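[1] Here is my input, please return the structure:
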Amino acid sequence: MNGQKRRITAADIARLAGVSRSAVSRAFTEGAYLDAAKKTRILEASEELGYRPNALAASLQGAGSNLVAIFVGDMPNHYDKEVATALINGLNIAGKWPIVIGGSGEPAQSAIQNVLCYPLESMILRSGSLGADVVSSCLKLGIPVISSGRIVEGPTVDNICLRNSEAMAKLTRLLLEQGRKKFAYLSGPEAYWSTGERFRGFEAALGEANLLPVATLFGDYSVQSGYDAVKSLALTGEIDALVCANDAMAIGALMYLRENGVDVPADIAVTGFDDSSMASWPSIGLTTVHNPIGSLVEGTIDLLSKRQADPDSPGRTKWIDAELVLRTTH
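    As a prediction, this is how the structure comes out:
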């Protein structure tokens, strides 16, 4: 014996209430008919013994499980954590039970394969570096997939994504209109879909002005990588604008520049992308692109609802528009 208390079952409730097991089942099934007096005895017995129906067992008998897996990856910056929190809250409000999987590499792949053993209503993919084999595994099992933040091709895969390229082009044009001409770009990991999209927008806007970037730097979307990337660049007089692929790297870059007496924005404009909560702090005041978390969560819940209503419908793609947020670093 390990001392663990045995889970109370429907049979225990039936014995205490003096009813059949099927009556206990009907008492907890919405819309099922049951004599009012029997239902009262069952609910009182359940309260006394601390009984709750086994939702997973019910899902195997045809009821919805309400289980939704979310793969969030490594979440290298604060914005990713804000999105994950909002998505979990949104799913809770919608009556779903999120199962969150993080990390990368083999442990993450193993965790995903294990969670596929459960009767999931959907798999939401938030990480931009996840392999296509995960999508394939889900579809073979009949588990709907929602890709959040990148476009994944598949006959029934739903996507929700920001118009990254257009937003970055709009931000770059703002700096060009200010008279900035010597641009450096701080990019993220190549494995992320948003990385390429944001750089394409930046490059296209510079091309319209017949300009090329003076330098292209690379980070991993974290604050530290932004700090280190700018530290490695000889800045004196070479650039007058640093466009960063996300807020975290821009904040790291700002830290280094201010520590070394560079006047932002008089000497160098610095911009981010996402509009994380830190970007609005008075000590930072980062000019950035608003990547609306509310629209992302609402759109994801809507896609989930429509997929449940029509499981075999073609994949849908929702596009989210972004707006510039002008603060003090441009």
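[2] got the buried residues for stretch 303-317?
    Neighbour-count burial for stretch 303-317, counted by 16 or more other Cβ atoms under 10 Å, picks out 303-304, 307, 315-316. From N, CA and C alone the C-beta is placed, and that goes for glycine too.
[3] right, and the helix or strand after the helix or strand bottoming out on mean pLDDT in the chain?
    In the chain, the helix or strand scored least confidently by mean pLDDT, DSSP states H and E is helix 55-60, which has a mean of 56. Sequence-wise, the next helix or strand downstream of helix 55-60 (DSSP states H and E) is strand 67-73.
[4] quick one, the following helix or strand past that following strand and strand 67-73 angle?
    Next helix or strand after strand 67-73 toward the C-terminus (DSSP H and E): helix 78-93. Interaxial angle of helix 78-93 relative to strand 67-73 (axes from the mean of the first three to the mean of the last three Cα atoms, to 10 degrees): 180 degrees.
[5] Can you work out which other helices and strands pack against helix 78-93?
    Under the contact definition 3 or more Cβ pairs under 8 Å, 6 or more residues apart in numbering; DSSP states H and E, helix 78-93 sits against strand 67-73, strand 97-102, helix 247-259, helix 293-309.
[6] for that helix, which positions count as buried?
    With burial defined by 16+ other Cβ under 10 Å, the residues of helix 78-93 counted as buried are 78-80, 82-84, 86-88, 90-91.
[7] Show me which of those residues is closest to residue 51.
    Checking the buried residues of helix 78-93 against residue 51 with Cβ to Cβ, the nearest one is residue 91 at 25.9 Å.
[8] I figured the closest one hits residue 146, correct?
    No. The pair residue 91 / residue 146 is not scored as a contact, 11.2 Å apart, by Cβ atoms under 8 Å.
[9] give me the low-pLDDT residue ranges for the stretch 201-330 of the chain?
    Applying pLDDT under 70 to the stretch 201-330 of the chain flags residues 235-237.
[10] Strands of that one, start to end?
    Applying DSSP state E, counting those that start in this stretch to the stretch 201-330 of the chain gives strands spanning 215-218, 241-244, 269-271, 288-290, 317-320, 323-325.
[11] what's the fifth one packed up against?
    Right, the one you point to is strand 317-320. Other elements packing on strand 317-320 under the criterion 3+ Cβ pairs under 8 Å, 6+ apart are strand 158-162, helix 293-309.
[12] Nearest to residue 287, out of these?
    Using Cβ to Cβ, these put strand 158-162 closest to residue 287, at 17.5 Å.
[13] Only alpha carbons, please: show the closest one as CSV.
    Listed next in CSV are the C-alpha coordinates belonging to strand 158-162 (Å, rounded to 0.1, in the frame of the first residue of the first chain):
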residue,chain,number,x,y,z
ASP,A,158,-6.2,26.5,-39.6
ASN,A,159,-3.8,29.4,-39.3
ILE,A,160,-3.8,32.7,-37.5
CYS,A,161,-1.0,35.1,-38.3
LEU,A,162,0.0,38.8,-38.1
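[14] Would you indicate which residues of the helix or strand that that strand is followed by are buried?
    Remark: after strand 158-162, the chain's next helix or strand is helix 164-177, criterion DSSP H and E. Within helix 164-177, the residues that count as buried by 16+ other Cβ under 10 Å are 164-176.
[15] which residues does residue 170 contact?
    Residues near residue 170 by Cβ atoms under 8 Å, 6 or more residues apart in numbering: 201, 205, 289, 322, 324.
[16] go on, residue 84?
    So residue 84 contacts 70, 72, 75, 100, 126 (Cβ under 8 Å, 6+ apart).
[17] Tally up the residues packed near residue 327, please.
    Residue 327: 18 surrounding residues under other Cβ atoms under 10 Å.
[18] Contacts only, for residue 312.
    residue 156.
[19] The residue sitting nearest the centre point of the chain and residue 277, how far apart?
    The centroid of the chain falls nearest to residue 126 when counting by Cα atoms, centre = their mean (4.3 Å). With distances taken as Cβ to Cβ, to the nearest Å, residue 126 is found 18 Å from residue 277.
[20] cool, and residue 111?
    From residue 111 to residue 277 the distance is 28 Å (Cβ to Cβ).
[21] How about residue 117?
    Distance from residue 117 to residue 277, by Cβ to Cβ: 36 Å.
[22] before we move on, back to that, quick check: the two most widely separated of the buried residues of helix 78-93?
    Farthest pair in the buried residues of helix 78-93, by Cβ to Cβ: 78 and 91, 20.6 Å.
[23] and residue 297, how many neighbours does it have?
    Residue 297: 22 neighbours (other Cβ under 10 Å).
[24] I'd guessed it sits against residue 90; true?
    Yes. At 3.9 Å, residue 297 counts as touching residue 90 under the criterion of Cβ under 8 Å.
[25] When residue 111 and residue 277 are compared, which one has more neighbours?
    Taking neighbours as other Cβ under 10 Å, residue 111 and residue 277 compare with residue 111 leading, 16 against 13.
[26] I appreciate the help and will end here.
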